[in-house]
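S.K.: predicted model and sequence follow; I will ask about them next.
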Amino acid sequence: MTSTLSVSAIKNGTVIDHIASGQGLRIIHLLSLQNSQLQITIGLRLPSKLIGMKDLIKIEDRILTDEEANEIVVFAADATINIIDNFTVVKKISTHLPSEMKNVFICPNPSCITQSEFIESRFSIEQQLKSIKLACHFCEKVFERDQVEVRI
């Protein structure tokens, strides 16, 4: 049996691997990559020995900031984020779940002031076992991660 790569290597940039299947496109929106002129490789529902199925994102010629890497944890707690230079991993970014995120999510509560006023959204973030909860600073309602949309 021969083995082949499903996704080609990048020369320089960032690789976000081991993203929980179904979260890759949310990370694309989180990082505002959907309108980028950069070369981006996206793998969805790829086989993974560690997690069964995974998503993968490779961003050519862009290095994520520590803040961006930490925001990714909200969608992919077990993701690995590697910096690539000349086809070699030169750095593995260590991440942690941020306690708060501003102007990233849209509050799904139709009565929230952020729905009618131009106010920067603000959510507190908590991890409860394997679940991520987001609490809106303004309406104080708590939502599951998948209930809250990423601001585009």
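M.R.: Noted; the coordinates are in hand.

S.K.: would you list every one of the strands in the chain?
M.R.: Listed from the start of the chain, the chain has strands (DSSP state E) covering 13-20, 40-48, 52-60, 80-85, 88-93, 100-102, 105-106, 122-128, 131-136, 142-144, 149-150.

S.K.: let me have those strands in CSV, extended by distance to residue 68, mean pLDDT and mean neighbour count.
M.R.: C-betas here are computed from N, CA, C, even on glycine. Rendered in CSV, the data for these read as follows (distance: least, Cβ to Cβ, whole Å; pLDDT from 0 to 100; neighbours: other Cβ atoms under 10 Å):
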stretch, distance to residue 68, mean pLDDT, mean neighbour count
strand 13-20, 9, 94, 21
strand 40-48, 14, 92, 15
strand 52-60, 10, 94, 19
strand 80-85, 9, 95, 18
strand 88-93, 9, 94, 12
strand 100-102, 11, 94, 14
strand 105-106, 15, 92, 20
strand 122-128, 15, 90, 15
strand 131-136, 17, 94, 17
strand 142-144, 22, 95, 13
strand 149-150, 13, 88, 16
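
S.K.: nearest to residue 26, of those strands?
M.R.: Closest to residue 26 of the strands of the chain is strand 149-150 (Cβ to Cβ; 5.7 Å).

S.K.: for that closest one, packing partners?
M.R.: In terms of contacts (3 or more Cβ pairs under 8 Å, 6 or more residues apart in numbering; DSSP states H and E), strand 149-150 is packed against helix 24-30, strand 105-106.

S.K.: buried set for the longest one?
M.R.: Going by neighbour count (16 or more other Cβ atoms under 10 Å), the buried part of helix 24-30 is 24, 25, 26, 27, 28, 30.

S.K.: ok, now stretch 64-80?
M.R.: Counting neighbours by 16+ other Cβ under 10 Å, one finds that the buried residues in stretch 64-80 are 64, 68, 69, 70, 71, 72, 73, 74, 75, 76, 77, 79.

S.K.: picking that back up, can you redo the helices and strands packed on strand 149-150 as CSV with distance to residue 127?
M.R.: Listed next are the helices and strands packed on strand 149-150 as CSV, based on distance: least, Cβ to Cβ, whole Å:
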stretch, distance to residue 127
helix 24-30, 17
strand 105-106, 16
